[in-house]
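> Sequence and predicted structure below; questions after.
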Amino acid sequence: MPYFDTKASVLAFTQKVLSTESTYENWSFHSTGGVKLKLGGRYDLRLGMLSEMHFSNGNIAPSNPGADFMNVNVGIVYHLGERRQAR
């Protein structure tokens, strides 16, 4: 089954991150697309093949250093609660 996941976060630090001309607050945006494969029982295998993460201060200061990461990820999914019958 294909899946898409996206997240946004606000991060606060006690020191300026990535540059001394940056800010104490930064933004993080993350998106992943991939497939989830049924392993059996309550377990699935999740393969994130198009994962991207951006980290910066959102251009709220004269200096806007940032970092972008591309990667793949793998995860095991465990389904909580009662087991549902297959349709």
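Ah, there it is.
> By residue count, what's the longest strand in this protein?
Counting by DSSP state E, the longest strand found in the chain is strand 25-40.
> now for the following helix or strand past that one, which elements pack on it?
With elements assigned by DSSP states H and E, the helix or strand that comes after strand 25-40 is strand 43-56. Applying 3 or more Cβ pairs under 8 Å, 6 or more residues apart in numbering; DSSP states H and E, one finds that strand 43-56 contacts strand 25-40, strand 66-78. From N, CA and C alone the C-beta is placed, and that goes for glycine too.
> list the buried ones in the first one?
Spelled out, that is strand 25-40. 26-27, 32, 34 (16 or more other Cβ atoms under 10 Å).
> Who is the residue nearest the centre of the chain paired with across the strands?
Central residue of the chain (Cα atoms, centre = their mean): residue 30, 4.0 Å from the mean position. Per DSSP bridges, residues listed as beta-bridge partners of residue 30: residue 7, residue 53.
> quick one: residue 27 from residue 43, how far?
Residue 27 is 34 Å from residue 43, where distance means Cβ to Cβ, to the nearest Å.
> same thing with residue 57?
Going from residue 57 to residue 43 by Cβ to Cβ gives 40 Å.
> Give me the more crowded residue out of these two.
The residue with more neighbours, out of residue 57 and residue 43, is residue 57; 22 against 12, by other Cβ atoms under 10 Å.
> so who does the more buried one touch?
22-23, 25-27, 64-66 (Cβ atoms under 8 Å, 6 or more residues apart in numbering).
> Tell me the one of the residues you listed nearest residue 5?
Set against residue 5, the nearest of these by Cβ to Cβ is residue 27 (17.5 Å).
> Now do the contacts for that closest one.
Going by Cβ under 8 Å, 6+ apart, residue 27 touches 8-11, 54-58.
> Tell me how far residue 50 lies from residue 13.
Using Cβ to Cβ, residue 50 is found at 29 Å from residue 13.
> Tell me if I'm right that the residue nearest to the centre of the chain and residue 6 touch.
Yes. Under the criterion of Cβ atoms under 8 Å, residue 30 makes contact with residue 6 at 6.9 Å.
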